[in-house]
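> Dropping the sequence and predicted coords here.
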Amino acid sequence: MPHALEEKYDLTAQELLDAIDRRLRLKVALEGAVAEVHFERKLKVASSEGWLCSYESHDQDGMHDFTFTTLAETELRVEVKTIRNSASPQVETQKTRAAKGDPSSRYYDHDHFDAVAVCIGRRTDDWTQFRYALTRDLERHKAYPGKLKVMHPIPIESPEGGVWFARLQDLINHYES
């Protein structure tokens, strides 16, 4: 049975995948979706294992990607990102576009979400690996102190100390401490 996208565009799954593979911007968008699917898998496992109460995903402009509730009834809002293709590992925390007449609108408010989950698959070829940080611990934009700085360096090896965590549970413990 063909997928709904195959029927909608009258293309085979292979032709759709080939079209994505030949277009850089489509692959970047796909990688963002892949990161979100892997992060949601982690939330699903955490919920089924009983160390998260609940979670929900949000596919709405202007909203963070996920919200989950911990066993201590703490609610965390999470934005999922992918690591940048650059010489040094880093994540970009800014929106795709700015509103007309307000160049600062491209930058996230420091309280737009509580945490960022960064998929490091582009670097490691393992798209299940993430690094996590609380936005309260990330640097602020120099010109707009209420906004997040755009680029943040990320440790690829297991981080010890600092603002980045390799395990979601460590991020939650840090947030609730």
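Looks like it arrived, so ask away.

> who are the neighbours in contact with T82?
T82 makes contact with 31-32, 35, 91, 118-119, 121-122, according to Cβ atoms under 8 Å, 6 or more residues apart in numbering. No exception for glycine: its C-beta is placed from N, CA and C like everyone else's.

> Report the distance from the longest helix anywhere in the chain to the chain centre.
Looking across the chain with DSSP state H, the single longest helix is helix 24-49. Centroid separation for helix 24-49 versus its chain: 8 Å, with Cα atoms, centre = their mean, to the nearest Å.

> try stretch 145-163
Relative to its chain's centre, stretch 145-163 lies at 13 Å (Cα atoms, centre = their mean).

> what does stretch 41-51 give?
Relative to the chain's own centre, stretch 41-51 is displaced by 17 Å; criterion: Cα atoms, centre = their mean.

> Equivalent analysis for stretch 64-84, please.
9 Å.

> end to end, how far does it reach?
End-to-end distance for stretch 64-84: 19 Å, by Cα to Cα, to the nearest Å.

> go on, stretch 125-137?
27 Å.
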